[in-house]
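Chemist: Return atomic coordinates for the entry below.
(2 chains)
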Number of protein chains: 2
Amino acid sequence: MDIKYTPISTVGEFGLVEKFASLAARYQNPNVISSIGDDAAVLRPTPGKLTVVTTDVMVQNVHYDASYTSMKHLGQKAAAVNLSDIAAMSALPTAAFVSLGIHSNISLEMIEEFYDALTAEFGKHGCSVAGGDTSASPVGFFASVTVSGEVEPERLAVRSGAKVGDVVCVSGDLGRAHAGLKILQREKSRYVEAGQPADFAPDFEGFDTALQKHLIPDVRITLSREISEKIRLHSLIDVSDGLISDMMHICVSSGVAAELSEEFIPLDPITRRVAEEFKEDPLSYALFGGEDYELLFTIAEEDFPKLYSLQGNVRAIGRIMEGEARVKIKRVNGENEEYSGYPSYQHFAKRNSL
Amino acid sequence: MDIKYTPISTVGEFGLVEKFASLAARYQNPNVISSIGDDAAVLRPTPGKLTVVTTDVMVQNVHYDASYTSMKHLGQKAAAVNLSDIAAMSALPTAAFVSLGIHSNISLEMIEEFYDALTAEFGKHGCSVAGGDTSASPVGFFASVTVSGEVEPERLAVRSGAKVGDVVCVSGDLGRAHAGLKILQREKSRYVEAGQPADFAPDFEGFDTALQKHLIPDVRITLSREISEKIRLHSLIDVSDGLISDMMHICVSSGVAAELSEEFIPLDPITRRVAEEFKEDPLSYALFGGEDYELLFTIAEEDFPKLYSLQGNVRAIGRIMEGEARVKIKRVNGENEEYSGYPSYQHFAKRNSL
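Modeler: Numbers count the residues shown, from 1 in each chain, chains lettered A, B, ... in the order given. As a prediction, the model looks like this:
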C-alpha cells in the first residue's frame, strides 16, 4: 500500500480544481449540461417542475470535532445535511455547489477523502457536483454546500400547510444521533483526562448504530418521494434541531399548535441505553438532540392508512390543534410539558463559547 | 444620532435570520416563489430558459483586509464578484444564497451593514437573496455566496467557443483594481511603520477611482446582455484573475491561442500614474492584477461594428489564432511576450503564507 502525504500547497488551486472535477465527473445528473470549468454551471430545468435550493455550512470546531470525525464521514455528512433539506421539500436533488476553506495544515489526501465521499453521497441520490470555489482558510476547515433540486408543483411540501386535525408523523427513530454524540464526547473526555496516551482505546462496543446515526446520517430522499407519491403532504420538515424546534417551525409557519404523545415518539433501544448510562431522560434526546435528519410531517387523518405499506418506517406521534404556535408533550406519567419557543442549540447564544 | 453596539450573541441565530429576512425582502425577483423561512427556497424557472449557477467564497485575511475594507464595501463586493460570473454567462441573476461564518467579536451592526449592502447590490440587478445559513466562526468572518440566473439557450456564452480569426474584446479598462490595491497596501504599510498612531491620515488624494474599482467593483450584467442582444458571443469570461489568466482560460477551453496588442489594452491614466509611483510596468497591472471584473470575449470579425454603439465601452485588443493554448502579448517596443500557464495569484501556492 502506497501511503502518501501531499501538502496542499504542492498542487495549487487549479490542480485542486482538476482533482475535484475528476471526482465529480463520476456522477452526472442529466439536467446538468455543463459543470466545473466555466464561470457558472449550466442546468436545463425540467419543464413544469419547480426548482428548490438549500444551503448549509459546516465549520470545524463549530459543527464537528476533527478528533473523531474522519474526512470521509465529514464529506458524507456535508452532502447528507443538504440532501435532507431537499427531502424536506419532497424534491429530488439535481446539482450541488461546494465551496471549501482549507488551512495549509490539511493534506491533499484529506481533501480528496472528503470530496470522494461527498460526491459519492450526492451521486447515490442522482445529484451532480456541478461547481464550487476553494480558498485558503486562516484556521481549520469549512465547507459551504448549496444544492438545487426539482419537484412537481403538486408534490412540493412546505412548513406552512399544517391544518387543524392533521396527524403528525415522523420517520425512523429520534434521539439516536444525540446518543451517538454523547458516547463520542464521553470517550474524548476519557482520552483527554488520561493525558492523551498513544494506546488509548475508546469504548464504542455496542454503540455502532448510535455513532453511525451521528457521524454518517442516512437521508430520507426516497421515503419523502414515496410519501408524496401516495398522499398530499400538508407540511413537512426534516428533524435537524430536535423534535420540539422543528415541530415549532411547522407550528409558527402554519399558525397552529401541536400535541404529541411520548408513548408514540419512536426511540431506539440504544438511545434508551445511552440515556440510562448518563442518567438522563431518553425522551430529551429526541426532543432537543437534533441531527436525526428524519422527516416530520402532517397529513389528513384519512390519508394515514395509505402509509401502512411503508413498512413501519413512519409513525403517527400526535395531532395538529387550533391555537397559538406551541408544542405540547403528553408524558406517559400523565404530566404535560408545553413549549412555545426554540429550546435547542443556537450558534450565537451566550452559552456558546465561540 | 443613536449609535449602538450590539454583540452578536444577544440576538441568537433565529434573531439574525429574521433581520436578514427583512433586509432581503426589499428586493424580490418574480421567479422566487418562497425564500428564507423553509428548508429550501422555491423558484419557478422561466420556460425555455437555462439556469446558470455560480459560487464564490470570501475569507477575511485571504480575500480582503478588514483594516481598510468596510463591511458595506465587503457586502457589495461579495455580491458583485458572483454577479460578475453571471454576467460572464450573459445571464440575468435570479436568486442568491448567502452563508456566513461570524466570529463573536463581530457586532450585529457590522453584519447588518454587510447584509444591507449585499442585498442592495443584488436587488439593483433584479436578484433576490432567497436563502442562506449562518454559523459561528473560530476566527474572523467568511461569506460563501451562490447565485442562480437564467439565460436564453441561444444567448448563453461560455469559455469554450472561441474560433480562429475571432476578435478579442474587453470592456472598460484593466489594471485599475490592482492600482487601487497597491495604494491601500502602501498606506497600510505607512500606518504600521508609523506605529499605528491614532491621528494617522492615509494619503488617498486623487486615487478615488482606483480605490473604488478595487473596493466596490461595478459589474457588467447590463453590458453583457446588451452585447448578446446584438451579436453572438463566441466565448466570454470575466476578468477576475488578470488578463493573461482569463485569456488562458478561454484558450484552454477552446483549444486556441490568442495574440493581444499592448497598444489596444485599455489602461486608465490613474493606473499609469500609480505604476509610475511604484516604478512598475503599468501593463503588468492589467496582465496579472486581477479583480477588474470586466468582460473579456471573442466574436466574429464582421460582428465588431455592431458594438460601436456601446459608447466606447468595448475595445478590440487582439485575435484568436490557431495553435496550442497560449497568450502572446505584442509590446509597443516591438518585443513579444508569450504565456502558456496561469501566472496569477494562487491560493495554495507555496508563496502564500496562509
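Chemist: Send me stretch A:45-64 as PDB with only the CA atoms.
Modeler: As requested, the backbone C-alpha atoms of stretch A:45-64 are provided in PDB (Å, rounded to 0.1, in the frame of the first residue of the first chain):
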ATOM      1  CA  PRO A  45     -34.700  22.800 -15.800                       C
ATOM      2  CA  THR A  46     -37.400  20.100 -16.400                       C
ATOM      3  CA  PRO A  47     -40.400  21.800 -17.900                       C
ATOM      4  CA  GLY A  48     -43.300  22.200 -15.400                       C
ATOM      5  CA  LYS A  49     -41.200  21.500 -12.300                       C
ATOM      6  CA  LEU A  50     -40.200  23.900  -9.600                       C
ATOM      7  CA  THR A  51     -36.600  24.400  -8.500                       C
ATOM      8  CA  VAL A  52     -35.700  24.200  -4.800                       C
ATOM      9  CA  VAL A  53     -32.400  25.500  -3.400                       C
ATOM     10  CA  THR A  54     -30.900  25.000   0.000                       C
ATOM     11  CA  THR A  55     -27.500  25.800   1.600                       C
ATOM     12  CA  ASP A  56     -25.600  24.600   4.700                       C
ATOM     13  CA  VAL A  57     -22.300  25.400   6.100                       C
ATOM     14  CA  MET A  58     -20.000  23.100   8.200                       C
ATOM     15  CA  VAL A  59     -17.200  24.700  10.300                       C
ATOM     16  CA  GLN A  60     -14.500  22.800  12.100                       C
ATOM     17  CA  ASN A  61     -14.900  23.100  15.900                       C
ATOM     18  CA  VAL A  62     -18.400  24.500  15.500                       C
ATOM     19  CA  HIS A  63     -20.300  21.700  13.600                       C
ATOM     20  CA  TYR A  64     -17.800  18.900  14.100                       C
END
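Chemist: and it, does that touch chain B?
Modeler: Yes. Applying C-beta under 8 Å from any C-beta of the partner chain, one finds stretch A:45-64 touching chain B at A:45, A:47, A:49-57, A:59-63. C-betas here are computed from N, CA, C, even on glycine.
Chemist: quick one: contacts for residue A:56?
Modeler: Contact analysis of residue A:56 by C-beta atoms under 8 Å, 6 or more residues apart in numbering or on different chains lists A:78, A:81, A:82, A:85, A:144, A:145, B:99, B:133.
Chemist: now for those, which pair is the farthest apart?
Modeler: The distance between the two most remote of the contacts of residue A:56 (C-beta to C-beta) is 13.8 Å, for A:85 and A:144.
Chemist: Would you mind telling me which of these two has more residues around it?
Modeler: residue A:144 (32 against 27; other C-beta atoms under 10 Å in any protein chain shown).
Chemist: who touches the more buried one in this structure?
Modeler: A:55, A:56, A:57, A:58, A:98, A:99, A:100, B:55, B:57, B:99, B:133, B:144 are the contacts of residue A:144 under C-beta under 8 Å, 6+ apart.
Chemist: would a markdown table of the contacts of residue A:56 with pLDDT, distance to residue A:156 and secondary structure be doable?
Modeler: Output for these, formatted as a markdown table (pLDDT from 0 to 100; distance: C-beta to C-beta, whole Å; DSSP: H, G, I helix; E, B strand; the rest coil):
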| residue | pLDDT | distance to residue A:156 | secondary structure |
| --- | --- | --- | --- |
| A:78 | 96 | 25 | helix |
| A:81 | 96 | 21 | helix |
| A:82 | 97 | 18 | helix |
| A:85 | 97 | 13 | helix |
| A:144 | 96 | 25 | strand |
| A:145 | 97 | 22 | strand |
| B:99 | 95 | 23 | strand |
| B:133 | 92 | 21 | strand |
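Chemist: so who does the closest residue to residue A:151 other than its chain neighbours touch?
Modeler: Of all residues not flanking residue A:151 in the chain, residue A:91 sits nearest, at 3.7 Å (C-beta to C-beta, 6 or more residues apart in numbering or on different chains). Residue A:91 is in contact with A:50, A:52, A:149, A:150, A:151, A:156, B:40, counting by C-beta under 8 Å, 6+ apart.
Chemist: Closest to residue A:72 out of the residues you listed?
Modeler: Closest approach to residue A:72 among these (C-beta to C-beta): residue A:149, at 24.1 Å.
Chemist: Wait, that closest one touches residue A:96, no?
Modeler: No. At 9.7 Å, residue A:149 does not count as touching residue A:96 under the criterion of C-beta atoms under 8 Å.
Chemist: Bridged to residue A:315, which residues?
Modeler: Under DSSP bridges, the beta-bridge partners of residue A:315 are residue A:170.
Chemist: That one and residue A:266 touch, don't they?
Modeler: Yes. With contact defined as C-beta under 8 Å, residue A:315 counts as touching residue A:266 (5.3 Å).
Chemist: any residues in contact with both of the two?
Modeler: When contacts are counted by C-beta under 8 Å, 6+ apart, residue A:315 and residue A:266 have residue A:170 as shared neighbours.
Chemist: Neighbour count for these two, which is higher?
Modeler: More crowded of residue A:315 and residue A:266, by other C-beta under 10 Å: residue A:266, with 19 against 16.
Chemist: Give me the spatial nearest neighbour of that one, chain neighbours excluded.
Modeler: Residue A:266's closest residue in space is residue A:173 (C-beta to C-beta, 6+ apart), at 4.2 Å.
Chemist: Check whether the one you found sits in a helix, strand or coil.
Modeler: At residue A:173 the chain is in coil, as set by DSSP: H, G, I helix; E, B strand; the rest coil.
Chemist: so who does the residue most central in space within chain A touch?
Modeler: Most central in chain A under C-alpha atoms, centre = their mean is residue A:81, positioned 3.2 Å from the mean C-alpha point. Each residue near residue A:81 by C-beta under 8 Å, 6+ apart is listed here: A:56, A:58, A:145, A:217, A:240, A:293.
Chemist: Is the second one in contact with residue A:78, as I believe?
Modeler: Yes. Under the contact definition of C-beta under 8 Å, residue A:58 touches residue A:78, with a separation of 5.2 Å.
Chemist: Looking at those two, which has the bigger crowd around it?
Modeler: Taking neighbours as other C-beta under 10 Å, residue A:58 and residue A:78 compare with residue A:78 leading, 28 against 21.
Chemist: From chain B, how far out is the more buried one?
Modeler: Noted for residue A:78: a distance of 12 Å to chain B, by C-beta to the nearest C-beta, to the nearest Å.
Chemist: right, and that residue touches residue A:142 too?
Modeler: No. Under the criterion of C-beta under 8 Å, residue A:78 is not in contact with residue A:142, lying 9.9 Å apart.
Chemist: Can you check which residues contact both of these two?
Modeler: In contact with both residue A:78 and residue A:142: residue A:58, using C-beta under 8 Å, 6+ apart.
Chemist: Out of the helices and strands in chain A, which is least certain?
Modeler: Least confident helix or strand, chain A: helix A:12-24 with a mean of 87, by mean pLDDT, DSSP states H and E.
Chemist: what sits up against it?
Modeler: A:8, A:11, A:35-37, A:98, A:108, A:111-112, A:115-116, A:119, A:128-130, A:132, A:134, B:342, B:346-349.
Chemist: buried stuff in stretch A:118-132?
Modeler: Using 16 or more other C-beta atoms under 10 Å in any protein chain shown as the test for burial, stretch A:118-132 gives A:118-123, A:125-132.
Chemist: Next, give me the two most distant ones among those.
Modeler: Farthest apart among those by C-beta to C-beta are A:126 and A:132. That separation is 18.6 Å.
Chemist: before we move on, back to that, using JSON lines, please lay out the contacts of residue A:91 together with neighbour count and distance to residue A:230.
Modeler: Converted to JSON lines, the contacts of residue A:91 look like this (neighbours: other C-beta atoms under 10 Å in any protein chain shown; distance: C-beta to C-beta, whole Å):
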{"residue": "A:50", "neighbour count": "21", "distance to residue A:230": "20"}
{"residue": "A:52", "neighbour count": "30", "distance to residue A:230": "20"}
{"residue": "A:149", "neighbour count": "29", "distance to residue A:230": "20"}
{"residue": "A:150", "neighbour count": "22", "distance to residue A:230": "19"}
{"residue": "A:151", "neighbour count": "23", "distance to residue A:230": "15"}
{"residue": "A:156", "neighbour count": "22", "distance to residue A:230": "16"}
{"residue": "B:40", "neighbour count": "28", "distance to residue A:230": "22"}
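Chemist: Alright, that wraps it up for me.
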